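[1] Next input, structure requested:
(chains A and B)
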2 protein chains.
Amino acid sequence: MTSAQSRLIESARTTLGPKAVLTDPTDIDPWLHDWRGRYHGASPAILAPDSTEGVARIVALAGEQGVALVPQGGNTGMVGGATPPADGSALILSLRRLNRIRTVLPADNLAIAEAGVILADLHAAALAQGRRFPLTLGARGSATIGGLVSTNAGGTQVLRFGTMRALVAGVEAVLPDGSIHDGLAALKKDNRGYDLNQLLIGAEGTLGIVTAATLRLVPAITARAVAWVGLESPEAALRLLRRLEAATHSIESFEIIPADSLGLVLRHIPGTRAPLGGSHPWHVLIESVATDAAAESPAGLLERLLAAALSDGMASDAVIGASEAQAEAFWRLRDSISESERAAGPAVQHDISVPVSAMPRFMIEAAAACEAAFPGTHASAFGHLGDGNVHFHVRAPTGIDPARWYAEDAPGVTRFVNDLVVSVGGSISAEHGIGQMKLGELERLSSPARMAALRAIKGALDPHGLFNPGKLVTLAPTPAKP
Amino acid sequence: MTSAQSRLIESARTTLGPKAVLTDPTDIDPWLHDWRGRYHGASPAILAPDSTEGVARIVALAGEQGVALVPQGGNTGMVGGATPPADGSALILSLRRLNRIRTVLPADNLAIAEAGVILADLHAAALAQGRRFPLTLGARGSATIGGLVSTNAGGTQVLRFGTMRALVAGVEAVLPDGSIHDGLAALKKDNRGYDLNQLLIGAEGTLGIVTAATLRLVPAITARAVAWVGLESPEAALRLLRRLEAATHSIESFEIIPADSLGLVLRHIPGTRAPLGGSHPWHVLIESVATDAAAESPAGLLERLLAAALSDGMASDAVIGASEAQAEAFWRLRDSISESERAAGPAVQHDISVPVSAMPRFMIEAAAACEAAFPGTHASAFGHLGDGNVHFHVRAPTGIDPARWYAEDAPGVTRFVNDLVVSVGGSISAEHGIGQMKLGELERLSSPARMAALRAIKGALDPHGLFNPGKLVTLAPTPAKP
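    Next up, the predicted model:
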């Protein structure tokens, strides 16, 4: 521990009380690693204020001492964005005690939640008022609002409601100079200079520590239906989606799954079974919801629309979950793909996006190109077709030594996939962010002018680089490596 | 003309040809003043490239010579944002020759338009493909896409589709270092660092020159209906809006008009007549549209919903335009309010927003407070109630000398109104921007920390202050005056 760090820890204890400072290594250790165990950091303390003012004081004290801070919520990120540097140079700033839902305004369809509120708790609070916060993801039981805002999180309902960026109506944050940015007022129109809220959303804590957000709500769901459809190609899937969207606003999820991924799930995940009898090269899971008891039932609607798709050959077979249990079973197939892959052997994952209309062709051609360039690998893409966002996974050749493959081959596979993505105007980070995982690739694949602009903004707001150092945008260029 | 300016003009002529450089004062003069004649600038030349690369070259040359540039589109702004400084220190950079609609993709509901494309031309191009660009405003025959993006324009359809920020899927811009930011790809998910597109939207050309934008389209309208409703209060109007929104997604405009404003229109605008027989303290104009021939007709829908509102006393009287001509006549009443006020005498206008639910009370209380503080004045608010955005106008006492009132009293009225807005968490610029008009008030009413952050961003991207100097955010603080 440096003397500056110990001075900061002492001042934090004096100012905010002993509960706000953890220095026992057993308390700290769980938060030094990302949940997948890929990134490992070190830190002498966790600072855990329970108010925005407390965060502002810590930031001011840290600024005085020149000590870096790594903001952390539920620690459920995918790119190492909440893991402190390995050299122990930064303290963790936990937002988990800022966990109040300050208000729910059902008439205005708004809620104000602090950074440490767990997503599932916000879901429950909205539901208690007949409303819904329409963003969800696997980690909803631990992911926090601050992290979701700071990573511009996506999930399985983006199709209808957008990512966090579309759902955040206001942001409160502590800036690197210790000032509090109060942008919580939910104004539908506001043209008073550069939009700091938009700048903070997705900034991964490198420009400000998000302490609270005003979030948009929608009416609670009165009914839902989940269908499983077999079809010939991603292109047929996109045509089906376009037809559904022209007929109804009620489609909330449209997830594509190749036969290959479904096969892995059925093989490796106990208790799963195929929803359809025959064999199909591609599948989609579709969820439709109603928010009004008077509306057509989602099951009836899907039945009607899918019958038309079957009769003119757009789809090959379809089934609608007959019960909530069956709907959950369909979702479990989708949600178990990554787990089944881990059981199958080494693989590298890529969270990528391309323009929606380009996605069907990209899925086919990029997989073929990848398998040709790296003989023995198996590439497959699944996920949020309607968002132009798939998870493009490449599995290692069978029988290969995992450690050697990860060290020697996987980085080249990632560069290859990312080059393909960039060649069609896509993004190498659709919803997971950059964190520390993709720092080198961001640098390699962005124009020098763009990197210079990003770094200029970072340097303008955080000139000493004390906010989440080594993530997303750094003051100095990062050597290129995936 | 400085020698640096003449060197820039010469290089521009050499590089881009004579058509790209205007130096004849008769060509320049019309563009030195805003359309309302409130701001007057000077400039030795207009540079008018016809391509993004041409803009980049001019920006690079201007950077070498240290000459400031004022980007200009249709010159229809409300806050002097496109008027060059009066000292002649800047050249005008006209985007009007960048006027190609690069592509319309009806299947993707997207269009890519260059900065100089006139809004009405984009409307026509979209309609030719069965689509609509759902933002419109009075100046649609001259306002250009670049200006609309750079001011995050609003208008009368924001209720359903949002401001430009919600309609821009991509931005291409030239940054102050002469590099081209290519952010045109319409990715639904993209988490690759700070969102430069969002930063450029609404930045009034102070961080980058927008050269093109990817814009979202929606299905073309198959039918519309316009209703005029008389009711008791803004609060009743908001309740009516909430009820309509719960019943249908088809409401695109909901404009509130006080009896007082309607009276001015009927008195000063030839050929206008009151839509309703009786006298009502408040009125709303409602537009409902259909985009699907199979849907319920907008007129039938409004008739059904307004009948219910009348029967339970939420509204006092209502009429639905029986023809397109009558619908246009209703809109003309709304659109003539400012013109009728000008005929009535001196007034100051404020384009303000507050949270939607706070607006009804604000309209009543702020008007009363203003009239009490400035005896003889008459305050009234009208406009986009559903957006929480009204135009709050204060008319001078009758018989007063206009010049004296504008010089001596009006600034105090504006400060008073802005203070009220800020006290309820609102914005002193809802849709018009800051430009040069509101620079002092922005400074006065923003926290020093916020101004420091805005200035840091400006300084990071435009360190020499060459992009639209004296507008929105300046490198040095602006003395407070309204």
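
[2] Does A:Ser340 touch A:Val265 like I think?
    Yes: contact status for A:Ser340 versus A:Val265: in contact at 4.5 Å, counting by Cβ atoms under 8 Å. C-beta: built from backbone N, CA, C; applies to glycine.

[3] any chance you could map the helices in the stretch 1-150 of chain A?
    Ranges of helices in the stretch 1-150 of chain A, per DSSP state H, counting those that start in this stretch, are A:3-16, A:25-28, A:52-65, A:119-127, A:145-150.

[4] So which bits of the stretch 301-450 of chain A are right by chain B?
    A:353-357, A:384, A:387-389, A:425-434, A:442, A:446-447, A:449-450 (Cβ under 8 Å from any Cβ of the partner chain).

[5] redo that, cut-off 6 Å
    Applying Cβ under 6 Å from any Cβ of the partner chain, we find that the stretch 301-450 of chain A lies next to chain B at A:353, A:355, A:357, A:387-389, A:425, A:427, A:429-431, A:433, A:449.

[6] Please work out which of the helices of the stretch 1-150 of chain A is packed deepest.
    Here the criterion is mean neighbour count by mean count of other Cβ atoms under 10 Å in any protein chain shown, and of the helices of the stretch 1-150 of chain A the winner is helix A:145-150, at a mean of 31.

[7] Which secondary structure elements does that helix sit against?
    Other elements packing on helix A:145-150 under the criterion 3 or more Cβ pairs under 6 Å, 6 or more residues apart in numbering or on different chains; DSSP states H and E are strand A:209-216.

[8] what's the angle from the strand it packs on to helix A:119-127?
    Using axes from the mean of the first three to the mean of the last three Cα atoms, to 10 degrees, the direction of strand A:209-216 lies 30 degrees away from that of helix A:119-127.

[9] Let's see strand A:209-216 as CSV, backbone CA atoms only.
    Extracted C-alpha coordinates of strand A:209-216, given in CSV (Å, rounded to 0.1, in the frame of the first residue of the first chain):
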residue,chain,number,x,y,z
ILE,A,209,-19.1,7.7,-11.3
VAL,A,210,-22.8,7.2,-12.0
THR,A,211,-24.6,7.4,-8.6
ALA,A,212,-28.2,7.3,-9.7
ALA,A,213,-30.4,7.3,-12.8
THR,A,214,-33.9,8.2,-13.8
LEU,A,215,-35.3,5.3,-15.8
ARG,A,216,-38.2,4.9,-18.1
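
[10] Which parts of the stretch 301-450 of chain A are helices?
    Shown for the stretch 301-450 of chain A, the helices assigned by DSSP H, counting those that start in this stretch span residues A:324-335, A:337-344, A:359-373, A:402-404, A:410-423, A:439-445, A:448-461.

[11] List only buried entries from the residues of the stretch 301-450 of chain A next to chain B.
    Neighbour-count burial (16 or more other Cβ atoms under 10 Å in any protein chain shown) applied to these gives A:Ser353, A:Pro355, A:Asp387, A:Gly388, A:Asn389, A:Gly425, A:Ser427, A:Ser429, A:Ala430, A:Glu431, A:Gly433.

[12] so who does the first one touch?
    Okay, so that is A:Ser353. The contact partners of A:Ser353, taken as Cβ atoms under 6 Å, 6 or more residues apart in numbering or on different chains, are A:Gly388, A:Asn389, A:Gly426, A:Ser427, A:Ala430, B:Leu187, B:Lys189.

[13] And those residues, which is closest to A:Ala315?
    Set against A:Ala315, the nearest of the contacts of A:Ser353 by Cβ to Cβ is A:Gly388 (20.9 Å).

[14] low-scoring stretches of chain A, by residue?
    A:478-482 (pLDDT under 70).

[15] Might you calculate how far whichever helix or strand A:Glu287 is part of sits from the centre of the chain?
    In this assignment (DSSP states H and E), A:Glu287 forms part of strand A:282-290. Centroid displacement of strand A:282-290 relative to its chain, using Cα atoms, centre = their mean, to the nearest Å, is 20 Å.

[16] Over to the closest residue to chain B within the stretch 201-350 of chain A: give its phi and psi.
    Using Cβ to the nearest Cβ, the closest approach of the stretch 201-350 of chain A to chain B is made by A:Gly202 at 5.5 Å. For A:Gly202, the backbone dihedrals (degrees, to the nearest 10) come out as phi 80, psi 10.

[17] which residues does it contact?
    Going by Cβ under 6 Å, 6+ apart, the list of residues near A:Gly202 reads A:Asn152, B:Asn191.

[18] Could you measure from A:Asp409 over to chain B?
    25 Å (Cβ to the nearest Cβ, to the nearest Å).

[19] since we're on the closest residue in space to that residue that isn't next to it in sequence, how many residues are nearby?
    Nearest residue to A:Asp409 in three dimensions, chain neighbours excluded: A:Phe374, at 6.8 Å (Cβ to Cβ, 6 or more residues apart in numbering or on different chains). A:Phe374 has 18 neighbours, counted by other Cβ atoms under 10 Å in any protein chain shown.

[20] how close does A:Phe374 get to A:Ala259?
    Per Cβ to Cβ, to the nearest Å, A:Phe374 is found 21 Å from A:Ala259.

[21] Tell me which residues touch the closest residue to A:Ala60 other than its chain neighbours, please.
    Excluding the flanking residues, the one nearest A:Ala60 by Cβ to Cβ, 6+ apart is A:Gly178, at 3.4 Å. By Cβ under 6 Å, 6+ apart, the residues touching A:Gly178 are A:Ala56, A:Val59, A:Ala60, A:Gly63.

[22] May I see the domains of chain A written out as residue ranges?
    A:3-94, A:101-219, A:223-337, A:346-381+A:393-423 (automatic domain parsing).

[23] To B:Ala225, which of the ones you listed lies closest?
    It's domain A:223-337; of the domains of chain A, that one is closest to B:Ala225 (Cβ to Cβ) at 20.7 Å.

[24] What's the nearest residue in the stretch 301-450 of chain A when you look at chain B?
    For the stretch 301-450 of chain A, Cβ to the nearest Cβ, closest residue to chain B: A:Ala449, 3.2 Å.

[25] who's in contact with that residue?
    B:Ser179.

[26] still on that earlier bit, look at A:Ser340 and A:Val265 and report which has more neighbours.
    A:Val265 (23 against 19).

[27] In this structure that one contacts A:Ser336, no?
    Yes: in this structure, A:Val265 is within contact of A:Ser336 by Cβ atoms under 6 Å, at 4.9 Å.
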